[in-house]
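J.: Structure for this input, please:
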Amino acid sequence: QVQLVESGGGLVQAGGSRRLSCAASGRTFINYSMGWFRQAPGKEREFVATIRRLDNSVDYGDSVKGRFTISRDNAKNLVYLQMNSLKPEDTAVYYCAAAPWDLGPAPTMADFGSWGQGTQVIVSS
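T.: From the prediction side, this is the model:
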């Protein structure tokens, strides 16, 4: 499995921006499709975004489309989540995930085999 470590979380005002990073190690990064999920208190973990391993195609959850952007730097083994126009409802723990295969347009948690420990994002109103 690949090891994942997220960073970049913190407190941000509504309407602001934040960039999360996820550092991967242990396996060949380019062979993995990557994803971001989030979990708010009392809610299930929710799909946020994915970037595929071969063509870097992306998909987003409906609640973040047009505001969030996922990208990857294969040379540095990093995946990013740029979050703009943040809302209080974006408050959650954000998790990075990796899958050694191709993914569909709305992957679920079961599609990913490796997870980071999460990074907290709090959006104040």
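
J.: which one is the spatially most central residue of the chain nearest to, not counting chain neighbours?
T.: The centre of the chain sits closest to Trp36, judged by C-alpha atoms, centre = their mean, with a distance of 2.1 Å. Of all residues not flanking Trp36 in the chain, Val48 sits nearest, at 4.2 Å (C-beta to C-beta, 6 or more residues apart in numbering). Where you see a C-beta, it was placed from the backbone N, CA and C, and this is true even at glycine.

J.: how close does that neighbour get to Thr28?
T.: Separation of Val48 from Thr28 (C-beta to C-beta, to the nearest Å): 24 Å.

J.: before we move on, what about Gly113?
T.: Distance from Gly113 to Thr28, by C-beta to C-beta: 14 Å.

J.: Sticking with Thr50, tell me its helix or strand.
T.: strand 46-51 (DSSP states H and E).

J.: tell me which residues in that strand are buried?
T.: Within strand 46-51, the residues that count as buried by 16 or more other C-beta atoms under 10 Å are Phe47, Val48, Ala49, Thr50, Ile51.

J.: what's the closest of those to Ser124?
T.: Val48 (19.9 Å; C-beta to C-beta).

J.: For that closest one, list the residues it contacts.
T.: By C-beta atoms under 8 Å, 6 or more residues apart in numbering, the contact list for Val48 reads Gly35, Trp36, Phe37, Arg38, Tyr60, Gly61, Val64, Phe68, Ile70, Leu81, Tyr94.

J.: Touching stretch 2-22 from outside, list them.
T.: So stretch 2-22 is contacted by 23-27, 29, 32, 34, 36, 78-88, 93-98, 100, 114-125 (C-beta under 8 Å, 6+ apart).

J.: Could you measure from the closest residue to Val64 other than its chain neighbours over to Ala98?
T.: Once flanking residues are discounted, Val64 sits nearest to Val48: 5.6 Å by C-beta to C-beta, 6+ apart. Separation of Val48 from Ala98 (C-beta to C-beta) stands at 14 Å.

J.: Verify the contact between Met109 and Arg38 for me.
T.: No. Using C-beta atoms under 8 Å, Met109 is not in contact with Arg38, being 11.6 Å away.

J.: Next, show the common contact partners of these two.
T.: Looking at what touches both Met109 and Arg38 (by C-beta under 8 Å, 6+ apart), the common residues are Arg45.

J.: All set now, cheers.
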